[in-house]
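Engineer: Predicted model, plus sequence, below.
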Amino acid sequence: MNPSPESPAPRDRPAFPEIPTAAGTAAADVPYVPQEPGWPHGARCAVVVTIDVDGDLPFLALDPGHRDRLKSRSVGQYGPDHGAARLLRVLERLGLAASWFVPGAIARQYPELLRSVLQSGHELAGHGMHHLDFDGLGLEAQLAEMLEGARALQEVSGVEVRGFRTPSGEWKSGFPEAMAAAGFQWSSSLPGDDRPFPLGDTGVMELPFRYELEDLQYLGFNLDPPFPPGQSRIQSLEAVRDNWDVEFAAARRFGTVLTLRLNAEIMGTPGRARMLEDFLSSTIASGEAWIATCGELAAHWAGQPVEADHPYRRFLELAARES
């Protein structure tokens, strides 16, 4: 039987590279030492798939004058119009649940998409209302962006979201405390570790992501306004896949979390969705990954011992001294 147009292409190289050591050499003669705390079902690492569905909001947040730039806006609109549905089909074929971060304005514009995400067994999380850059907002405006977005998601879906990802930029001091007060239990906004960590004493768990596991850094592109500046990038899918294979091998070696941060308008094209399905199929076939949603990961880590000297806690202490 011929493969479907969206089915994974066969690979002409091994699905998994040799697991590297810190020195970069093969670790075949180095016994694997299980990391503590362990992952469920005896897995050697955790894998989390997250998908941002931002539509054209980042363009409009960058400059309201972009409202009349329909070509540029259509780059982002491809996500909720086409890419998200394709990614839903990929995940359905694989039997996987992902965490979907959706701004409130997109939820109101695409209510059927939100319902499809939930009916397919996925997790919904907050991503602001209009995908505003937090660097240009004070604390009160940041909180309004977060809470208005969460209310919109609840109005459309009936679900009270418990997770949040900043649209872009840095949150102000006091934001994690406000997240906790509003009932949020976890965030995926900081690239500060390879495993979850608590945001101080707020009770909010941070589920860090890494830029090398985000599609935007490799494949994001717009001609005018130029993104990235200089426009020297659309990376080959082979290079992206090779990088992800190396990261998955390292996650297995060191017992860490591999968090894919995907954008519906970028990873939702036919060829890229096919590459994603191929990669996720290989993680399943390995039998060594616990594949979870953000909420499941946060719940699992909540029962683990707290690292008293975690760098984030030290950062808070230093910031308090300087204030």
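Structural biologist: Noted; the coordinates are in hand. Residues are numbered from 1 along each chain as shown.
Engineer: Which stretches in this structure count as strands?
Structural biologist: Here the chain has its strands, by DSSP state E, at 45-52, 99-102, 123-126, 163-164, 186-187, 197-198, 205-206, 257-263, 289-292.
Engineer: Export the first one to CSV, keeping only CA atoms.
Structural biologist: By that I understand strand 45-52. C-alpha atoms of strand 45-52 as CSV (Å, rounded to 0.1, in the frame of the first residue of the first chain):
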residue,chain,number,x,y,z
CYS,A,45,13.4,10.8,29.5
ALA,A,46,10.3,12.9,29.1
VAL,A,47,9.0,14.3,25.8
VAL,A,48,6.4,17.1,25.6
VAL,A,49,4.9,18.5,22.4
THR,A,50,3.7,22.1,22.7
ILE,A,51,2.0,24.0,19.9
ASP,A,52,1.5,27.8,19.7
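Engineer: For it, name the packing helices and strands.
Structural biologist: Judged by 3 or more CB pairs under 8 Å, 6 or more residues apart in numbering; DSSP states H and E, strand 45-52 is in contact with helix 84-94, strand 99-102, helix 237-254, strand 257-263, helix 264-267, strand 289-292, helix 294-301. For every residue, glycine as well, the C-beta is placed using N, CA and C.
Engineer: Can I get the strands of the chain in CSV including distance to Leu280?
Structural biologist: What follows is the strands of the chain, written out as CSV (distance: least, CB to CB, whole Å):
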stretch, distance to Leu280
strand 45-52, 7
strand 99-102, 14
strand 123-126, 16
strand 163-164, 21
strand 186-187, 22
strand 197-198, 26
strand 205-206, 24
strand 257-263, 8
strand 289-292, 8
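Engineer: Stretch 271-280: how far from the chain's middle?
Structural biologist: Stretch 271-280 sits 16 Å away from the centroid of its parent chain (CA atoms, centre = their mean, to the nearest Å).
Engineer: Any buried residues in that stretch, and which?
Structural biologist: 272-280 (16 or more other CB atoms under 10 Å).
Engineer: do stretch 186-193 as well
Structural biologist: Those would be 186-190, 193, for stretch 186-193 by 16+ other CB under 10 Å.
Engineer: mind checking the backbone torsions on Ser188?
Structural biologist: phi -130, psi 80 (degrees, to the nearest 10).
Engineer: how close does it sit to Ala182?
Structural biologist: Separation of Ser188 from Ala182 (CB to CB, to the nearest Å): 16 Å.
Engineer: How about Gly136?
Structural biologist: The gap separating Gly136 from Ala182 is 21 Å, by CB to CB.
Engineer: And the two? Which one has more around it.
Structural biologist: Ala182 (14 against 11; other CB atoms under 10 Å).
Engineer: right, and the more buried one touches Gly149 too?
Structural biologist: No: using CB atoms under 8 Å, Ala182 makes no contact with Gly149, being 11.3 Å away.
Engineer: right, and the strands of the chain - which one's nearest Tyr312?
Structural biologist: Among those, the nearest to Tyr312 by CB to CB is strand 197-198 (5.8 Å).
Engineer: what about the closest one, average pLDDT?
Structural biologist: What strand 197-198 shows for mean pLDDT is 95.
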